[in-house]
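# Whatever this is, show me its structure:
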Amino acid sequence: MKIGLSTAILWDYEELDVPKAISHAVDNLGYEAVEIHCEEPFFEGWGSKKAEKTKKNIKDVLSIIDAEVSLHAPYHDMNIAAINNGVSEEVVRQYEECIETARYLDSEIVVVHPGFVSSRKYRREMSFQKMIKNLKKITKSARDAGVKICLENLSSKAKAMCVSISEIKKTLRRVDMDNLKVTLDIAHANTTKEGPVTYAKKLKEHIAHIHVSDNTGDDNHLPIGLGNIDFEATLEKIQPYPGLLMVEGWIPTNEDPYLIYDRRELERIRENLKSVGE
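Numbering: from 1, shown residues only. This next block holds a predicted model:
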């Protein structure tokens with residue numbers, strides 16, 4: 001397990017500089033990997049020709065540091081289950097751009113949010129089928145690029161797709177492609193009745209990526225220790241796990257001490273779990 005950091009946590013609206021965030025995460029905070037959010041304002045110019053300069057700057061900084069990288073597909077203002085055909089086509093276009101960016105940056109992981117039912121007037125199955133159709137498109141593109149699509153379990157909300165373990169597994173079966181995997185968001189799992197330990201146990205064979213943050217059952221992403229999640233018990237259920245642990249928990253001001261603590265706590269857990277699953 002390598003321990004990484006979402007660069008969105010380090011966002012400084014005065015600088016708007018992803019390469020600096022990457023360098024800070026690795027060189028100053030000691031992380032072994034980074035996750036890059038492919039959307040404005042986290043990725044300058046995303047969705048337009050202006051993004052090419054940002055991509056090059058990111059590749060340049062990744063070439064001089066020792067770190068792995070994953071990408072997070074855009075999800076603010078986006079819905080892969082959108083009924084509106086124009087919106088749906090734009091979502092697929094931007095996700096395929098994210099896949100191509102992953103290939104360019106030598107990343108094997110693109111995290112995707114499953115989407116949601118846009119209105120109570122829509123039958124859930126109609127939105128679900130649209131999500132499946134679009135997931136098949138992007139997962140095929142990802143397969144051709146040597147990339148895994150890692151579907152993230154969402155927090156417990158009525159309109160959200162792939163909150164439950166059963167709907168996640170149903171989605172994997174319907175798409176039926178080997179490179180469609182699961183991003184286990186531990187904090188999101190903690191908003192459900194089953195909880196993160198059960199999610200880890202029942203989804204183990206599908207998990208290829210993990211998001212780490214804490215909460216007390218609400219939809220917050222806090223530093224480790226500020227919630228009630230047992231991370232060691234959760235991570236023990238998926239051993240041996242060769243993938244990335246991406247820290248998403250943050251405090252809006254003076255975040256560095258919390259991020260250093262998160263890394264050290266995950267290093268401690270990693271050491272404790274070394275012999276599990278061998």
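# After the longest helix belonging to the chain, which helix or strand is next? Please name it.
Ranked by number of residues, the top helix in the chain under DSSP state H is helix 124-145. Following helix 124-145 in sequence order, the next helix or strand is strand 148-152 (DSSP states H and E).
# What mean pLDDT does that following strand get?
In this model, strand 148-152 has a mean pLDDT of 99.
# got the angle for that strand vs helix 124-145?
150 degrees (axes from the mean of the first three to the mean of the last three Cα atoms, to 10 degrees).
# Just checking: what are the partner strands of strand 148-152?
Here strand 148-152 is paired, per DSSP bridges, with strand 109-112 (parallel), strand 180-185 (parallel).
# now these as TSV including distance to H211 and mean neighbour count?
Just so you know, the C-beta spots here come from the backbone N, C-alpha and C atoms, and that holds for glycine as well. Converted to TSV, the strands paired with strand 148-152 look like this (distance: least, Cβ to Cβ, whole Å; neighbours: other Cβ atoms under 10 Å):
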stretch	distance to H211	mean neighbour count
strand 109-112	8	26
strand 180-185	4	26
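# Turn the ones you listed into TSV, columns for distance to H209 and mean pLDDT.
Output for those, formatted as TSV (distance: least, Cβ to Cβ, whole Å; pLDDT from 0 to 100):
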stretch	distance to H209	mean pLDDT
strand 109-112	5	98
strand 180-185	4	99
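# Now distance to I251 too, for the ones you listed, in CSV please.
Formatted as CSV, the strands paired with strand 148-152 follow (distance: least, Cβ to Cβ, whole Å):
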stretch, distance to I251
strand 109-112, 22
strand 180-185, 19
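# Compare those strands and report which one is nearest to G243.
Proximity to G243 (Cβ to Cβ) singles out strand 109-112 among those, at 8.0 Å.
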